[in-house]
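**Student:** Here is my input; please provide its structure:
(2 chains)
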Amino acid sequence: MREPHARPLGIDGSNLPGPYSVGRYAAGLRDFLRERPRVQLFGEVWNLRLSRAKVYLELRDADGALPCSMWRNDFDALGFGAGALADGAAVVVGGGLDYYSGSRTSSPSFSFAIAAGALRVAGEGDLLAQLDRLRKTLDAEGLFAPQKQLARPALPRTIGVVTGEGGKARDDVLAGLRRRGWQGRLVWAFAPVQDRHAAPRITAALQDLAATGAVDVIVVARGGGSLADLFCFCDETLCRTVALLGVPVIASVGHHTDRTLIDDVAALSCSTPTHAAESAVPVHCAQARADVIALARRLSVHGRRALLHRAQALARLSRAPGEHIAGERRRLHQRLREIRAAARRRVHDERARGARKALVLDRKAQGAALDGRHATRLNALALALAAHDPERTLERGYALVTDAAGEVVTSAAAARAAGDVRLRFGDAAVDATICDE
Amino acid sequence: MMTEPEQQLALSYEAATARLEEIIKRLDSGEAGLRETLELCKEGRTLVELCAAELEAVGRGLEELRLDDLVARLETGAGAQGS
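**Tutor:** Coordinates of the predicted model:
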């Protein structure tokens, strides 16, 4: 590198002063900026980065931005807890302009900045609040739904990808498609994915892809970054375009912790470009080929089996009449054998029953003869008994004499002694008095 | 009104595979008669060919092109299907 004091000639025809050595000019610029009055500025923190020696951030509002830096020791002394100072936080910064003029061996990166000596958190940033309001507005207008109602093909032939040309997301998308075994047509629509030019370019890329009518699904991919880096994906025009696009859009913007508005309006939101590519092709192509082959084989088996079964059924039917007659013949023969056997059993049973009845009758006949002899003897005894019955004697004209006590009077002397007697005839009794002089 | 072949051409891969699953399920049930079985087999074979064609279309090798190239192709009538 040449010495700074080796001053060359100036540009021919130029009326500008110099040339000056850049180091001296940079030092002069640094001194000029450091002489500017120190002020307090308020805005929102974006792209906060903490290094060992310094803390870097951008102070932004809707009209502009300034880079700020602060010594790490001063920052730590403020005692912010974890997460107290994140992107989007509104702060007040106190400090002055500074400029790192660089050296022979170091570049003046982040060279111009507000060198902050004081910092105060003033609340949640307006940009985040605007983002929240826009999210609610889009939701209220029903713009989160249309993309999700679009049918996403399981096997797209053409996939459009909107991403940065030099970004890692491009390789990730390709890796995801390789994993699916997908080898269709991939249409790259490269666009800046960060800064103020990004949103209109991404919007135009999406519209152009959809307008071809040849793209089945679109992946919008970008790797991780701060919310400020991803802010272009919260652009209202971009989000409205995505919501109303006729082609399903799969968004993969930032990491899974980031949530941009395009994630809300897209058909699907994925955490990584690889995952987005896999989601664009839900079918694993190699597996699908194997499945289709298996289905074709099953169809073929069913077709052959159906014909075979029907042929067998027809053959059975053709044999059926002969088999039916033979069966009926067998059944009739069987029935005949059963009838004959039943007849033999019946004759045998009837014969046995007749023998039993004859035996019973014989026994009854013997009993009846014994009963006749008993009756004759009873008649004789009855006649003998009747012959001795006093009533029968009285009926023949005799009378029975009893005294007053009812005792039978069997002699004249007894009658005389009794005096009053009672004469009992066959039909009735009369009282009498013995008068024997 | 589309004819039957046109309807089958208009079927997406997922619709075709879903219909194939239905057909196989019906055939597996054993309730289809001979005529229905043969018709289902015929329809199934057509769907298998459709699915195989779709898989073939995304299995010939990755084709990468820029949006401008696609637009130029479409304008020159090279076809939206990359044929």
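
**Student:** switch to C-alpha atoms for all contacts and neighbour counts from now on
**Tutor:** OK.

**Student:** In the chain, what residue spans correspond to helices?
**Tutor:** Answering for chain A, as no chain was given. With DSSP state H as the criterion, chain A has helices at A:22-34, A:72-78, A:126-140, A:146-149, A:168-180, A:198-212, A:236-244, A:261-265, A:273-280, A:285-387, A:390-395, A:412-418.

**Student:** That was the other one, I meant chain B.
**Tutor:** With DSSP H as the criterion, chain B has helices spanning B:4-10, B:13-29, B:34-57, B:67-75.

**Student:** Now do the end-to-end distance for stretch A:57-75.
**Tutor:** 12 Å (C-alpha to C-alpha, to the nearest Å).

**Student:** contact partners of that stretch?
**Tutor:** Contacts of stretch A:57-75 with the rest of the structure, by C-alpha atoms under 8 Å, 6 or more residues apart in numbering or on different chains, involve A:42-56, A:110, A:112-118, A:127.

**Student:** near chain B, which residues of chain A?
**Tutor:** A:153-155, A:157, A:181-190, A:208-209, A:212-214, A:285, A:288-289, A:292, A:295-296, A:298-300, A:302-303, A:306-307, A:310 (C-alpha under 8 Å from any C-alpha of the partner chain).

**Student:** rerun that using 7 Å as the cut-off
**Tutor:** A:154-155, A:157, A:182-189, A:209, A:212, A:214, A:285, A:289, A:292, A:296, A:299, A:302-303, A:306 (C-alpha under 7 Å from any C-alpha of the partner chain).

**Student:** any weak-confidence spans in the chain?
**Tutor:** Looking at chain A here, since you left the chain open. For chain A, the stretches with pLDDT under 70 are A:1-5, A:81-84, A:107-111, A:123-127, A:226-227, A:255-258, A:437.

**Student:** looking at chain B here, not the other one
**Tutor:** In chain B (pLDDT under 70), the answer is B:1-10, B:78-83.

**Student:** which residue lies farthest from the center of it?
**Tutor:** residue B:68 (28.8 Å; C-alpha atoms, centre = their mean).

**Student:** ok, which residues in chain B are in contact with chain A?
**Tutor:** So far as C-alpha under 7 Å from any C-alpha goes, chain B lies against chain A at B:13-14, B:27, B:34, B:37-38, B:41, B:44-45, B:48, B:55, B:57-67, B:71, B:80.

**Student:** Can I get the helices of chain A in CSV including mean neighbour count and distance to residue A:433?
**Tutor:** CSV is the format used below for the helices of chain A (neighbours: other C-alpha atoms under 10 Å in any protein chain shown; distance: least, C-alpha to C-alpha, whole Å):
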stretch, mean neighbour count, distance to residue A:433
helix A:22-34, 15, 190
helix A:72-78, 13, 169
helix A:126-140, 15, 149
helix A:146-149, 17, 147
helix A:168-180, 19, 155
helix A:198-212, 19, 163
helix A:236-244, 20, 156
helix A:261-265, 25, 153
helix A:273-280, 25, 152
helix A:285-387, 13, 31
helix A:390-395, 14, 20
helix A:412-418, 14, 9
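
**Student:** Could you name the stretch from those helices that's closest to residue A:15?
**Tutor:** Closest approach to residue A:15 among these (C-alpha to C-alpha): helix A:22-34, 17.8 Å.

**Student:** returning to what we had before: could you identify the buried members of the contacts of stretch A:57-75?
**Tutor:** A:42-48, A:55-56, A:112-116, A:127 (16 or more other C-alpha atoms under 10 Å in any protein chain shown).

**Student:** Which members of the contacts of stretch A:57-75 occur in strands, if any?
**Tutor:** A:42-50, A:54-56, A:112-118 (DSSP state E).

**Student:** Who are the contact partners of the residue lying closest to residue B:66 once chain neighbours are set aside?
**Tutor:** Once flanking residues are discounted, residue B:66 sits nearest to residue A:188: 4.7 Å by C-alpha to C-alpha, 6 or more residues apart in numbering or on different chains. Taking C-alpha atoms under 7 Å, 6 or more residues apart in numbering or on different chains as the criterion, residue A:188 is in contact with A:160, A:161, A:162, B:65, B:66, B:67.

**Student:** for residue A:386, same thing?
**Tutor:** Per C-alpha under 7 Å, 6+ apart, neighbours of residue A:386: none.

**Student:** any idea how far chain B is from it?
**Tutor:** 103 Å (C-alpha to the nearest C-alpha, to the nearest Å).

**Student:** what does residue A:54 give?
**Tutor:** For residue A:54, the distance to chain B - C-alpha to the nearest C-alpha - is 43 Å.

**Student:** beta partners for residue A:119?
**Tutor:** residue A:93 (DSSP bridges).

**Student:** ok, how many other residues are close to it?
**Tutor:** For residue A:119, the neighbour count with other C-alpha atoms under 10 Å in any protein chain shown is 18.

**Student:** got it, and residue A:36?
**Tutor:** Residue A:36, neighbours per other C-alpha under 10 Å, totals 11.

**Student:** In a markdown table, list the helices of chain B along with distance to residue A:64.
**Tutor:** As requested, the helices of chain B are exported to a markdown table (distance: least, C-alpha to C-alpha, whole Å):
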| stretch | distance to residue A:64 |
| --- | --- |
| helix B:4-10 | 53 |
| helix B:13-29 | 50 |
| helix B:34-57 | 50 |
| helix B:67-75 | 34 |
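
**Student:** Out of these, which one sits most buried?
**Tutor:** Highest mean neighbour count among these (mean count of other C-alpha atoms under 10 Å in any protein chain shown): helix B:34-57, with a mean of 18.

**Student:** which other helices and strands contact it?
**Tutor:** helix A:285-387, helix B:13-29 (3 or more C-alpha pairs under 7 Å, 6 or more residues apart in numbering or on different chains; DSSP states H and E).

**Student:** and residue A:141, which of those is closest to it?
**Tutor:** helix B:13-29 (31.5 Å).

**Student:** So which elements touch that closest one?
**Tutor:** Identification of packing neighbours for helix B:13-29 by 3+ C-alpha pairs under 7 Å, 6+ apart yields helix B:34-57.

**Student:** how much distance is there from the helix it packs on to the middle of the chain?
**Tutor:** Relative to its chain's centre, helix B:34-57 lies at 9 Å (C-alpha atoms, centre = their mean, to the nearest Å).

**Student:** quick one, that helix and helix A:285-387 angle?
**Tutor:** Here the directions of helix B:34-57 and helix A:285-387 differ by 150 degrees (axes from the mean of the first three to the mean of the last three C-alpha atoms, to 10 degrees).
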